[in-house]
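Undergrad: no sequence on this one, just coordinates:
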């Protein structure tokens, strides 16, 4: 007989609150590692699903971390083990490792414009195919909640600086090079503006618009 969701959650809570994590030794059954990772994913998803239910029922601003934890049947401590804040439940997309893999797969020798084209195309498709990142209700919250919009803009600004370092490594130039910094800021500003003015972020026409914008930048912004 399958265990009830509450029983599974309580069992997971005991595991999450156990701070004496056992290191994985050579030769240890790899299924253990896989089960741990699956449990983390289930717990993370449970917190997100609980949060989204509460946001819909009583609005984002009136929902607290304590309420989300209770709805997800996890402890307050467990919540903060997975998310730094209520905002991050919505904003975090869990794609850091996948994005790094995409960046590492970009072939060497591209120009700075072709590098950006490949980066935009790959990251867009990665995000579009991720159920949480492309969740329409998540996007609606980010667009309509002022605190989320501000936090997203701050994260977007940080992403531009991350892009500077990434491009510097790829192109073999100094990350403090003012031309590189202006280029990254121009690309980032155009991308975020175009993305935020679209109602449907995952209509493929937005990818076309983003790539067309890179073409215009490369042509010197002709009118």
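TA: Structure's in. What do you need? Only a predicted model underlies this, so the values are computations on that prediction, with no experimental measurement involved.
Undergrad: Now for residue 186: which residues touch it?
TA: Residue 186 is in contact with residue 217, counting by C-beta atoms under 8 Å, 6 or more residues apart in numbering. Every residue, glycine included, has its C-beta placed from N, CA and C.
Undergrad: quick one: low-confidence parts of this protein?
TA: 1-33, 198-201 (pLDDT under 70).
Undergrad: domain parsing for it?
TA: Split into domains by automatic domain parsing, the chain comes to 5-85, 96-218.
Undergrad: how near is residue 167 to residue 60?
TA: Distance, residue 167 to residue 60, by C-beta to C-beta, to the nearest Å: 35 Å.
Undergrad: oh, I was asking about residue 42
TA: Taken as C-beta to C-beta, the span from residue 42 to residue 60 is 24 Å.
Undergrad: Counting neighbours, go ahead and name the busier of these two.
TA: residue 60 (19 against 13; other C-beta atoms under 10 Å).
Undergrad: Spatially, and excluding backbone neighbours, which residue is closest to the more buried one.
TA: Spatial nearest neighbour of residue 60, excluding adjacent residues (C-beta to C-beta, 6 or more residues apart in numbering): residue 145 at 5.1 Å.
Undergrad: Please apply the same query to residue 113.
TA: Distances taken as C-beta to C-beta, 6+ apart put residue 218 closest to residue 113, at 4.6 Å, once the chain neighbours are dropped.
Undergrad: quick one: secondary structure of the residue positioned nearest the centre of the chain?
TA: Nearest to the mean C-alpha position of the chain, by C-alpha atoms, centre = their mean, lies residue 93 at 2.4 Å. Using DSSP: H, G, I helix; E, B strand; the rest coil, the structure places residue 93 in coil.
Undergrad: And what about residue 120, helix, strand or coil?
TA: For residue 120, the assignment made with three-state DSSP gives helix.
Undergrad: Give me the neighbour count for it.
TA: Neighbours of residue 120 (other C-beta under 10 Å): 17.
Undergrad: how much space between it and residue 191?
TA: Distance, residue 120 to residue 191, by C-beta to C-beta: 7 Å.
Undergrad: Please apply the same query to residue 134.
TA: In terms of C-beta to C-beta, residue 134 sits 17 Å off from residue 191.
Undergrad: neighbour count winner among those two?
TA: Set residue 134 next to residue 191 and count neighbours by other C-beta under 10 Å: residue 191 wins out with 22 against 14.
Undergrad: Point me to the helix or strand that includes that one.
TA: Per DSSP states H and E, residue 191 falls inside helix 178-196.
Undergrad: now residue 162
TA: helix 146-171.
Undergrad: Summarise which helices and strands that helix is packed against.
TA: Applying 3 or more C-beta pairs under 8 Å, 6 or more residues apart in numbering; DSSP states H and E, one finds that helix 146-171 contacts helix 86-91, helix 112-128, helix 136-144, helix 178-196.
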